[in-house]
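1. Based on what follows, work out the 3D shape:
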Amino acid sequence: MRLYEDSGYLNFEEIFNKTQPLVYIVGARGTGKTYGVINYCVRKHIKFLYIRRTQVQLDACVSSIDPGLNPFYQLNIDNDWELNFKKVNKQVYGIFDRYDKQEDPNTGEIEEPTLVGYSLALSTFRNIKSFGFDVGVIIFDEFIADYGDTSFKGDEAGAFMKLLESLNRNRELDGRPMIKTICMANSDDVRTPLFRAMNLIRVVMKLTDKKTEYWADPKRGISIIMPWKSKIAAMKKQSMISKLFGEDSAYVKASYGNEFMNNDFSGIKSLDLKQLKPVLNVGEIGIYVHKQKDCLYVSPTFGSGVETIGATEIELQRFKQTYNWMWVWYLTHKDGIWFEDYISKALFIDYNTTIRKFY
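-> As a prediction, this is how the structure comes out:
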């Protein structure tokens with residue numbers, strides 16, 4: 001796949017035509033993700049739904065106080081467009097080109113505004129019963145939250161899946177393809193709810209380790225793009241702001257090098273399972289105790305002959321109540337717990353801290 005245009009920005013013609021229905025793009029800042037996908041949709045006359053995680057984030061985009069936060073700001077400058085948000089009901093914005101009706105100077109006729117798309121916050125979608133019959137593309141911008149951002153109240157992945165189900169309805173039963181959905185973000189915390197829910201954390205970490213730019217699972221209809229070879233990102237790494245922070249800093253590696261910044265890889269160590277005794281299986285991990293040393297071990301391999309607890313809301317509540325001592329042990333014993341790989345650590349933390357409650 002020709003991932004980049006000659007300019008170095010992402011090639012959305014290829015991305016639309018040669019990827020699966022659900023596409024994740026995790027890339028360095030300024031590589032043309034948001035600009036490119038909206039530009040493609042407007043030029044191809046495809047109505048799109050632009051999503052942000054929370055209402056606060058969407059309100060910041062809509063606000064005229066800082067036009068730099070408006071995703072259409074540079075597009076309008078470059079193309080002589082006048083894309084902007086206009087509220088059409090309590091939760092939904094219409095995205096119009098030249099919303100204010102204007103008189104054609106040649107004919108004297110009133111030009112109607114052009115509706116190019118819609119916008120809403122994922123956090124408020126639960127209040128909408130029916131919506132988006134003419135949407136051709138879903139754009140989920142900044143789907144990875146900043147590290148430590150807990151502003152989304154409820155099951156974020158569940159809300160996203162409900163949105164996909166609602167907008168697609170019976171399209172496939174009617175012989176129409178699933179709506180193309182493109183989720184874009186900068187690399188920050190790989191433990192994003194969407195990756196967790198779709199069991200993609202391990203895949204993303206392997207792509208990161210091998211610096212692989214494209215991965216697809218045709219059976220599931222998912223593609224992941226990680227533009228490691230972006231010449232735009234490479235040039236930004238040589239900028240003064242990059243030098244200010246330091247080229248080897250975590251911020252620069254995440255912003256321009258596409259490496260996940262806020263993930264703790266300490267405590268990763270491979271142990272022989274023969275030295276361990278299984279205690280519990282929960283979700284996608286097995287938890288063991290060392291037969292000779294005073295430590296726990298968390299692995300993707302399930303132990304035999306022990307209790308198995310699932311990852312539903314009720315089951316995880318029972319896990320946290322019954323096995324709370326494991327979390328306390330993790331917090332108080334620096335060398336008292338080891339993880340076979342990062343995903344095992346991420347899931348262990350997730351199961352102990354995430355309240356899985358739909359809305």
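
2. Run through the stretch 251-359 of the chain and note the low-pLDDT ranges.
-> 251-264, 354-359 (pLDDT under 70).

3. Contacts only, for K320.
-> W327, Y351, N352 (C-beta atoms under 8 Å, 6 or more residues apart in numbering). Backbone N, C-alpha and C define where each C-beta goes, glycine included.

4. swap in E142?
-> Contacts of E142 by C-beta under 8 Å, 6+ apart are R52, R53, Q57, M184, A185, N186.

5. just Y118 next, same as before
-> With contacts defined as C-beta under 8 Å, 6+ apart, Y118 is in contact with K47, F48, L49, Y50, V88, V92, Y93, G94, I95, F131, G132, V135.

6. Quick check: chain neighbours aside, which residue is closest to it?
-> Closest residue in space to Y118, ignoring its immediate chain neighbours: L49 at 5.1 Å, by C-beta to C-beta, 6 or more residues apart in numbering.

7. Quick check: the one you found vs A145, distance?
-> 20 Å (C-beta to C-beta, to the nearest Å).

8. Between these two, point out the one with more neighbours.
-> Taking neighbours as other C-beta atoms under 10 Å, L49 and A145 compare with L49 leading, 23 against 20.

9. So the more buried one sits against L122, correct?
-> No: checked against C-beta atoms under 8 Å, the pair L49 and L122 is beyond contact range at 10.7 Å.

10. The most centrally placed residue in the chain and V62, how far apart?
-> Central residue of the chain (C-alpha atoms, centre = their mean): F143, 3.4 Å from the mean position. F143 sits at a distance of 19 Å from V62 (criterion: C-beta to C-beta).

11. got it, and L200?
-> Relative to V62, and taking C-beta to C-beta, L200 is found at 31 Å.

12. Apart from its chain neighbours, what residue comes closest to the residue nearest to the centre of the chain?
-> Of all residues not flanking F143 in the chain, C183 sits nearest, at 4.4 Å (C-beta to C-beta, 6+ apart).

13. Report pLDDT for that neighbour.
-> pLDDT, C183: 97.

14. Could you give the bridge partners of it?
-> Y24, F140 (DSSP bridges).

15. can you pull out the strands in the stretch 101-250 of the chain?
-> 102-103, 110-111, 114-121, 137-141, 180-185, 214-217, 222-225 (DSSP state E, counting those that start in this stretch).

16. out of the ones you listed, which comes closest to P278?
-> strand 214-217 (30.5 Å; C-beta to C-beta).

17. Quick check: which helices or strands does that closest one pack against?
-> Strand 214-217 sits against strand 222-225, with contacts defined as 3 or more C-beta pairs under 8 Å, 6 or more residues apart in numbering; DSSP states H and E.

18. who's in contact with the strand it packs on?
-> For strand 222-225, contacts defined as C-beta under 8 Å, 6+ apart pick out 3, 10, 15, 19-20, 22-27, 198, 200, 203-204, 207, 213-217.
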